[in-house]
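Got a predicted structure here, sequence first:
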Amino acid sequence: MNNLSSLCNSTMKLPSRVLTLRNASVVGFRHSYNTPCDQKLTCKSKASFSFNQNSQFHAYPSPFLAFQGVIYNTQKLNCLPSSSFVSRPYGVPVEASAVETDKNPERLCVENCNDENIVGGEVPGAEYGNSRASHESEIDKEAWSLLRDAVVTYCGFPIGTMASNDPGDKHPLNYDQVFSRDFVPSALAFLLRGEGEIVKNFLLHTLQLQSTEKTVDCYSPGQGLMPVSFKVRTVPLGDNKFEEVIDPDFGGSAIGRVAPVDSGLWWIILLRAYGKISGDYTLQEREDFQAGIKMILNLCLADGFDMFPSLLVTDGSCMIDRKMGVHGHPLEIQALTYAALRCSREMLTVIGCSKNLMTAINNRLSALSFHIREYYWVDLRKTNEIYRYKTEEYSMDATNKFNIYPEQIPSWLIDWIPEDGGYLIGNLQPAHMDFRFFTLGNLWSLISSLATPKQNEAILKLIEAKWDDIVGHMPLKICYPALENEEWRIVTGSDPKNTPWSFHNGGSWPALLWQFTLACIKMGRIELAQKAVGLAEKKLSVDRWPEYYDTPSGKFVGKQSRLYQTWAIAGFLTSRMMLEKPDMASLLFWEEDNELLENCVCALTKGGRKICSRDVAKSQILV
């Protein structure tokens with residue numbers, strides 16, 4: 001693969017994330033919020049902002065109509081006076097100049113907002129979501145009320161939902177922040193409801209927070225990195241005046257200080273979903289959004305020492321954000337990368353140097369699909385093959401390419417794997433296969449068609465056959481089985497939160513429900529999704545919407561589980577709406593791309609290779 005540094009650097013430049021904004025032009029909403037803009041803030045508005053079940057998508061000018069540098073130091077934050085503003089039509093890219101900043105934590109700040117430029121209008125696709133109140137159950141109404149209460153506003157306009165909103169939680173840590181990953185099910189719930197304003201605001205603001213400068217400082221985010229989360233803060237300016245700032249976290253404050261690999265991938269996936277459901281494609285066509293996508297892809301497609309087409313990452317860089325032995329090439333990241341690449345291929349405008357990027361995307365999609373389908377897949381036949389592996393093989397046509405020793409097959413797997421089911425293992429590295437079943441990675445492999453059609457069927461068959469283990473009393477296990485005893489102490493570092501069958505170590509997460517529902521809809525197994533949603537409906541409201549459940553069957557609320565967890569609430573609502581409108585859900589998944597299967601990366605390169613391991617392994621792939 002050609003080094004992506006050959007791409008046009010000029011298209012990769014975005015305005016600095018340290019910006020000031022005046023006269024943010026967004027829309028009015030019909031459901032009243034307790035906005036933080038009051039008489040103490042220079043952010044003033046006379047409009048009543050609301051979010052209603054009958055509201056429509058609205059077209060409005062980008063809130064980033066002009067930018068000004070912010071000078072920040074450890075003592076104070078000053079917003080410089082802004083220049084004059086010019087009203088622009090909706091969807092027109094806005095030119096903005098980069099500003100010089102120091103190396104202190106960057107903040108996006110608002111000095112003043114008013115309602116003079118609020119514009120209303122409809123966006124195609126908004127007709128769905130009208131008049132659903134009469135069909136809602138009591139639990140749906142409760143969930144929507146809680147979801148709206150979790151909405152975070154910025155200068156009076158919604159830009160996301162906080163991770164949890166438990167009024168009894170006196171130590172929220174970072175659970176009162178907007179997480180890029182956690183907001184996705186909330187965004188889909190609002191989109192399926194016909195309320196896309198909050199999603200658009202989120203995409204716009206997180207784009208401005210994206211890291212845009214290459215650094216050598218190991219405590220600074222790499223170019224193109226999306227924040228794992230952000231918090232809206234009120235900062236005093238003196239003279240009884242205040243302003244709102246958005247304070248992003250790129251992993252520098254996270255437990256373990258690990259940068260989020262998946263935030264940018266989720267952002268790309270959500271950007272595509274916004275266009276598909278709302279019918280508004282002007283956002284992804286904007287020059288700044290095109291540049292933002294390219295910067296994320298540069299991180300994912302950069303050449304390095306690793307020879308695998310899968311993405312090499314460290315522990316804690318995904319949904320499992322603590323030490324759990326998923327460093328290397330975890331399935332979750334590979335599946336999300338594959339989905340993000342397919343999204344990007346749909347959204348990128350192919351002009352000039354973008355053609356090189358598109359070639360790189362196609363090469364990686366082809367190589368990654370082969371790699372995962374061939375080397376990560378495990379069923380009864382493949383397990384027996386590994387059981388009989390010869391080791392220390394040296395040749396291009398070796399069967400045991402990664403020198404896996406048969407003794408690595410865990411004892412639990414022999415009797416656990418069903419006759420007609422299978423799954424993709426959690427990780428693969430030289431001399432190491434992680435045989436644990438990771439739900440999110442398998443579901444997204446199915447949703448994105450990273451796995452073959454037969455493998456997709458086998459994954460659902462395995463979940464159905466092992467329902468008590470993977471679903472139990474509360475869908476769904478984040479992974480199976482849990483690490484226990486000495487293995488738990490070594491792999492997790494004796495993590496007291498990741499004790500066996502709790503949190504990331506075999507805990508049950510209601511947030512996974514919407515992805516399971518989407519996978520079932522794709523495969524025509526709606527009855528499985530309905531069964532899982534029914535289980536969640538019985539317990540979630542009664543248990544006050546926990547973050548996760550403990551025990552092998554998911555019977556108890558997690559010992560350290562936050563209550564009123566927003567993505568558990570949103571995941572339930574999204575699942576319900578997708579089951580009601582499977583045609584809308586079909587916009588969110590991908591079918592098999594036969595063109596990718598026909599092309600080998602070796603054939604796509606200029607020189608090609610006479611000996612290709614793919615030719616040897618092709619006969620074993622389940623197409």
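Sure, I can see it.

Now name the helix or strand holding the spatially most central residue of the chain.
Closest residue to the average C-alpha location of the chain: Trp266 at 2.7 Å, with Cα atoms, centre = their mean. Trp266 is part of helix 262-278, with elements assigned from DSSP states H and E.

Which element is encountered next along the chain beyond that helix?
Sequence order places helix 282-285 as the next helix or strand after helix 262-278, per DSSP H and E.

just how off-centre is that following helix within its chain?
Averaging C-alpha positions (Cα atoms, centre = their mean, to the nearest Å) puts helix 282-285 19 Å from its chain's average.

That one: which residues count as buried?
Across helix 282-285, burial judged by 16 or more other Cβ atoms under 10 Å covers Thr282, Leu283, Gln284. For glycine as for every other residue, the C-beta is placed from the backbone atoms N, C-alpha and C.

which residues are contacting it?
Helix 282-285 is contacted by residues 90-91, 200, 203-204, 271-272, 274-275, 289-290, 293, 347, 349 when judged by Cβ atoms under 8 Å, 6 or more residues apart in numbering.

Now list the buried members of the residues you listed.
The neighbour count (16+ other Cβ under 10 Å) marks Tyr90, Lys200, Leu203, Leu204, Leu271, Arg272, Tyr274, Gly275, Phe289, Gln290, Ile293, Met347 as buried among the contacts of helix 282-285.

so Cys520 makes contact with Ile526?
Yes. Cys520 is within contact range of Ile526, at 5.9 Å (criterion: Cβ atoms under 8 Å).

what about these two, which has more around it?
Cys520 (28 against 15; other Cβ atoms under 10 Å).

Spatially nearest residue to the more buried one (excluding sequence neighbours)?
Spatial nearest neighbour of Cys520, chain neighbours left out: Ala529 (3.8 Å); criterion: Cβ to Cβ, 6 or more residues apart in numbering.

what residue ranges in the stretch 501-623 of the chain are flagged as low confidence?
For the stretch 501-623 of the chain, the stretches with pLDDT under 70 are 599-623.

give me that answer again for 80
Low-confidence segments of the stretch 501-623 of the chain, defined by pLDDT under 80: 596-623.

and what of the chain?
Across the chain, the ranges flagged by pLDDT under 80 are 1-135, 212-222, 254, 256, 352-353, 596-623.

one more time with 90, if that's ok
The chain contains residues with pLDDT under 90 at 1-136, 170, 211-223, 237-240, 251-259, 303-304, 306-307, 350-355, 395-397, 594-623.

returning to that earlier point: could you single out the nearest of the contacts of helix 282-285 to Ala259?
Of all these, the one with the least separation from Ala259 (Cβ to Cβ) is Ile293, at 18.7 Å.

Secondary structure class of that closest one, three-state.
Following DSSP: H, G, I helix; E, B strand; the rest coil, the label given to Ile293 is helix.

A helix includes Phe437, no?
No. Per three-state DSSP, Phe437 lies outside any helix segment and is strand.

Bridged to it, which residues?
Bridge pairing for Phe437 (DSSP bridges) gives the partners Ile425, Tyr480.

To what extent is it buried, counted in neighbours?
Around Phe437 there are 27 other residues, counting by other Cβ under 10 Å.

ditto for Leu173
12.

Over to the one 10 residues further on?
Summarising burial for Phe183: neighbours were counted as other Cβ under 10 Å, giving 28.

List the contacts of it.
Counting by Cβ under 8 Å, 6+ apart, Phe183 has contacts Gly160, Thr161, Phe202, Leu270, Trp567.

Restricted to strands, list the residues you listed.
When DSSP state E is applied, the contacts of Phe183 are split such that Gly160, Thr161 fall in strands.

Please tabulate the contacts of Phe183 in TSV and include distance to Ile255 and neighbour count as additional columns.
Shown next, in TSV, are the contacts of Phe183 (distance: Cβ to Cβ, whole Å; neighbours: other Cβ atoms under 10 Å):
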residue	distance to Ile255	neighbour count
Gly160	21	29
Thr161	21	29
Phe202	24	27
Leu270	25	22
Trp567	18	29
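
For stretch 221-237, which residues meet the burial criterion?
By neighbour count on 16+ other Cβ under 10 Å, the buried set for stretch 221-237 is Pro221, Gln223, Gly224, Leu225, Met226, Pro227, Val228, Ser229, Phe230, Lys231, Val232.

Return the subset of those residues lying in strands.
Ser229, Phe230, Lys231, Val232.

okay, now the residue lying closest to the second one once chain neighbours are set aside: neighbour count?
Ranked by Cβ to Cβ, 6+ apart and with sequence neighbours excluded, the top spatial neighbour of Phe230 is Pro248, at 4.4 Å. If you count neighbours by other Cβ under 10 Å, Pro248 ends up with 28.

Then Pro248 would be within a strand, right?
Yes. Checked against three-state DSSP, Pro248 lies within a strand.

which helices and strands does the top helix by length along the chain pack with?
Across the chain, the longest stretch assigned as helix under DSSP state H is helix 354-375. For helix 354-375, the packing partners by 3 or more Cβ pairs under 8 Å, 6 or more residues apart in numbering; DSSP states H and E come out as helix 287-301, helix 331-347, helix 594-598, helix 601-604, helix 613-617.

Return the set of buried residues in the first helix or strand past that helix going along the chain.
Later in the chain than helix 354-375, the nearest helix or strand by DSSP H and E is strand 377-379. Within strand 377-379, the residues scored as buried using 16+ other Cβ under 10 Å are Trp377, Val378, Asp379.

Correct me if wrong: Leu446 contacts Asn456.
Yes. Between Leu446 and Asn456 there is a contact under Cβ under 8 Å: 4.6 Å.

Comparing these two, which residue is more hemmed in?
Legend: neighbour count by other Cβ under 10 Å for Leu446 and Asn456, higher for Leu446 (27 against 21).

count of residues packed around Asn201?
Neighbour count of Asn201, defined by other Cβ under 10 Å: 21.

no, scratch that, I was asking about Tyr394
By other Cβ under 10 Å, the burial measure for Tyr394, its neighbour count, is 6.

now Met295
Each residue near Met295 was counted by other Cβ under 10 Å, and the total is 22.

any idea how far Asp247 is from it?
Distance of Met295 to Asp247, given as Cβ to Cβ, to the nearest Å: 21 Å.

Can you name every helix or strand that the helix holding Trp266 contacts?
Secondary-structure packing of helix 262-278 (3+ Cβ pairs under 8 Å, 6+ apart): helix 180-192, helix 197-209, helix 282-285, helix 287-301, helix 331-347.

Quick one, which of those helices gets closest to Ser586.
Proximity to Ser586 (Cβ to Cβ) singles out helix 180-192 among the helices and strands packed on helix 262-278, at 12.3 Å.

how far is the closest one from where the chain is centred?
Helix 180-192 sits 10 Å away from the centroid of its parent chain (Cα atoms, centre = their mean).

before we move on, what about stretch 473-485?
Relative to its chain's centre, stretch 473-485 lies at 21 Å (Cα atoms, centre = their mean).

list the buried ones in it?
Across stretch 473-485, burial judged by 16+ other Cβ under 10 Å covers His473, Met474, Pro475, Leu476, Lys477, Ile478, Cys479, Tyr480, Pro481, Ala482, Leu483.

before we move on, the earlier item: let's have the helices and strands packed on helix 262-278 in CSV, adding distance to Pro418.
Listed next are the helices and strands packed on helix 262-278 as CSV, based on distance: least, Cβ to Cβ, whole Å:
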stretch, distance to Pro418
helix 180-192, 30
helix 197-209, 39
helix 282-285, 41
helix 287-301, 34
helix 331-347, 19
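
Please identify the deepest-packed of those.
By mean neighbour count, with neighbours taken as mean count of other Cβ atoms under 10 Å, helix 180-192 ranks first of the helices and strands packed on helix 262-278 at a mean of 26.
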